[in-house]
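> Any chance you could fold what I've pasted below:
(one chain, ligands or ions: 1)
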Amino acid sequence: MKVEGKVALVTGGARGIGKGVCELLLEKGAKGVTIVDYNKANGEETEAAFSKKYGTGKATFLQTDVTTDQLEDAFKKTKDVYGRLEYLVMNNAGIGQMNKCSAHDQH
Ligand SMILES: NC(=O)c1ccc[n+]([C@@H]2O[C@H](COP(=O)([O-])OP(=O)(O)OC[C@H]3O[C@@H](n4cnc5c(N)ncnc54)[C@H](O)[C@@H]3O)[C@@H](O)[C@H]2O)c1
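The predicted structure follows:
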């Protein structure tokens with residue numbers, strides 16, 4: 001998987017496995033990652049830590065409950081911020097609406 005210059009949306013990215021996936025993507029040279037998570041405190045902390053380590057704007061926290069229509073907004077905002085979106089990492093246990101993802105997986 002070629003990561004350099006690509007953009008990923010990672011659900012549950014504020015901590016745990018999702019946070020680790022975000023970090024790995026940034027280590028591998030991703031253009032940016034959106035941290036899609038409903039935990040505001042952890043999301044902001046993780047965004048700040050990644051911005052400090054990898055550069056301002058490399059990580060963007062989008063407070064989102066993936067079980068709601070907010071997930072749709074997260075796709076749109078990711079494209080607004082980075083101009084593209086190649087990878088989707090659905091990490092957390094939230095029950096989302098996968099049919100909504102299909103409209104966004106081609107570029
Ligand atoms: N850690 C393990 O060893 C392990 C093993 C097998 C499976 N899993 C599964 O992998 C997933 C991630 O595990 P983890 O240890 O990183 O969990 P974690 O609890 O550390 O992190 C999950 C993240 O998802 C976020 N989240 C949960 N529901 C959400 C929702 N509806 N919308 C947005 N964000 C939401 C949480 O705020 C949290 O930041 C879980 O589904 C877990 O059951 C974990």
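
> those helices in this structure, which residues are they?
Counting by DSSP state H, one finds helices in the chain at the ranges 16-27, 40-54, 70-82, 98-102.

> I'd like to know which of those lies nearest to Met1.
helix 16-27 (9.6 Å; C-beta to C-beta). Glycine gets a C-beta too; all of them are placed from N, C-alpha and C.

> Only the buried residues of that closest one, if you could.
18-19, 21-23, 25-26 (16 or more other C-beta atoms under 10 Å).

> so where's the protein uncertain?
For the chain, residues meeting the criterion pLDDT under 70 lie at 92-107.

> Most proximal residue of it with respect to the ligand?
Closest residue of the chain to the ligand, C-beta to the nearest ligand atom: Gly16 (2.3 Å).

> From Thr56, how far off is that residue?
24 Å (C-beta to C-beta, to the nearest Å).

> Val81 now?
Here the criterion is C-beta to C-beta. By it, Val81 lies 12 Å from Thr56.

> more neighbours, the two?
Val81 (15 against 8; other C-beta atoms under 10 Å).

> Touching, the more buried one and Phe61? I think so.
No: using C-beta atoms under 8 Å, Val81 makes no contact with Phe61, being 10.8 Å away.

> hey, what's in contact with both of these two?
Applying C-beta atoms under 8 Å, 6 or more residues apart in numbering, one finds that Val81 and Phe61 are jointly contacted by Thr34.

> Quick one: neighbours of Lys77, just the number.
For Lys77, using other C-beta under 10 Å, the count is 18.

> Run through the residues that contact it.
34, 60, 62.

> before we move on, the earlier item: filter the buried residues of helix 16-27 by proximity to the ligand?
Checked against the ligand using C-beta under 6 Å from any ligand atom, those yield the following neighbours: Gly18.
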